[in-house]
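Q: Provided below for reference: sequence and predicted model.
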Amino acid sequence: MNQHYRIMPIAIAALLVAGCGSEERTVDVDPPGRENASAKTMAMTDEPSRTRETGEPVLVARAELEPTEGNDARGMVKFSRAAGAVVIDGRVMGLTPGPHGLHIHEKGDCSAPDGTSAGGHFAPDGDPHGSPDSPPSQHHVGDLGNIVANEQGIALVDVVDAEMTLDDGPKSVLGRAVIVHSGADDFTTQPTGNAGSRVACGVITEVSRVDEP
C-alpha cells in the first residue's frame, strides 16, 4: 500500500506537466492579438477602407478620352484625392505600341479635329517643360510623362502628383483637358517635349460622391 501511494503522486505530477507543456505550445503557435495586428496593418495601408470608415466625401474627376481626327485612341482617366496628392489612373486603347506623351492642357476644349483647341500644356507658374520627376520649377504642372502601350495598343495610366489639385485654385486641373500624343515625350524639347500630334482628348469633369460602406 505504501508503494502504491508513492507512485500515484508522481503519475499525477507527470500528467500536469504534460498538460502545461501542451498549452504553452498552443500559445506559441498562435499568439494572442496576431489577427488584430494584421487588421491594423491593413487599415493603415488601405486608403479606400479609411474613406469608407469615415464616410468622408471623395472628390473624383474623370476625363473621357475620344480620338482626334484620323486616330483610334480612346479611354478614360480618373483623378482622385488621397493623402495630399492627386492619384491619376486609367486606361487608353487604340494606340500604336510604345511610349506616348501624356499631358494636361490649359483649356477644356476638345472641339478642334486635331485637339489644338485644348491649348498648350497647363503651366500656371510659367515653368519650362520637363519630366514630372524633376523639381516643380523644372516642369509644367501638366507634365505627366509617358504611358507605354503594349502590342495590343493598350496603355495603363498610374501617376501620383503632389503639385496639381482638384480644388479651386491656380493649380486645379478641373475643367482642363487630358491629351495623349502620338509619340514619346523627350522631356527636353520646349515647350512640348516633341511628343507629336494629339491622338486623343478629354475634358476633366468633376464627379462628387461618397464611397459606399
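A: Received the coordinates, thanks. Residues are numbered from 1 along each chain as shown.
Q: and for the closest residue in space to G202 that isn't next to it in sequence, the neighbour number?
A: Nearest residue to G202 in three dimensions, chain neighbours excluded: A63, at 3.6 Å (Cβ to Cβ, 6 or more residues apart in numbering). Placement of C-beta: from N, CA and C, glycine included. By the measure other Cβ atoms under 10 Å, the count of residues near A63 is 26.
Q: in its sheet, what does the helix or strand where A63 lies sit against?
A: Assigned by DSSP states H and E, A63 belongs to strand 58-67. Here strand 58-67 is paired, per DSSP bridges, with strand 74-82 (antiparallel), strand 198-209 (antiparallel).
Q: same list (these) but as a markdown table, adding mean pLDDT and mean neighbour count.
A: What follows is these, written out as a markdown table (pLDDT from 0 to 100; neighbours: other Cβ atoms under 10 Å):
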| stretch | mean pLDDT | mean neighbour count |
| --- | --- | --- |
| strand 74-82 | 92 | 19 |
| strand 198-209 | 90 | 20 |
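Q: got a markdown table for these, with distance to L102 too?
A: Formatted as a markdown table, the strands paired with strand 58-67 follow (distance: least, Cβ to Cβ, whole Å):
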| stretch | distance to L102 |
| --- | --- |
| strand 74-82 | 8 |
| strand 198-209 | 10 |
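Q: and these: which comes nearest P99?
A: strand 198-209 (12.8 Å; Cβ to Cβ).
Q: now do the strands in the protein.
A: 58-67, 74-82, 85-93, 98-105, 143-149, 155-161, 177-181, 198-209 (DSSP state E).
Q: okay, those strands in a markdown table with distance to S134 next?
A: Shown next, in a markdown table, are those (distance: least, Cβ to Cβ, whole Å):
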| stretch | distance to S134 |
| --- | --- |
| strand 58-67 | 24 |
| strand 74-82 | 21 |
| strand 85-93 | 17 |
| strand 98-105 | 15 |
| strand 143-149 | 8 |
| strand 155-161 | 13 |
| strand 177-181 | 19 |
| strand 198-209 | 23 |
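Q: of the ones you listed, which approaches F187 most closely?
A: Closest to F187 of those, according to Cβ to Cβ: strand 143-149, at 7.9 Å.
Q: what's the closest one in contact with?
A: Residues outside strand 143-149 that contact it (Cβ atoms under 8 Å, 6 or more residues apart in numbering): 88, 92, 95-104, 121, 129-133, 155-157, 159, 161, 180, 184-185, 187, 193.
Q: how far away is the nearest residue to S182 once chain neighbours are set aside from G108?
A: Among residues not flanking S182 along the chain, G196 sits closest, at 3.7 Å (Cβ to Cβ, 6+ apart). As judged by Cβ to Cβ, to the nearest Å, G196 and G108 stand 22 Å apart.
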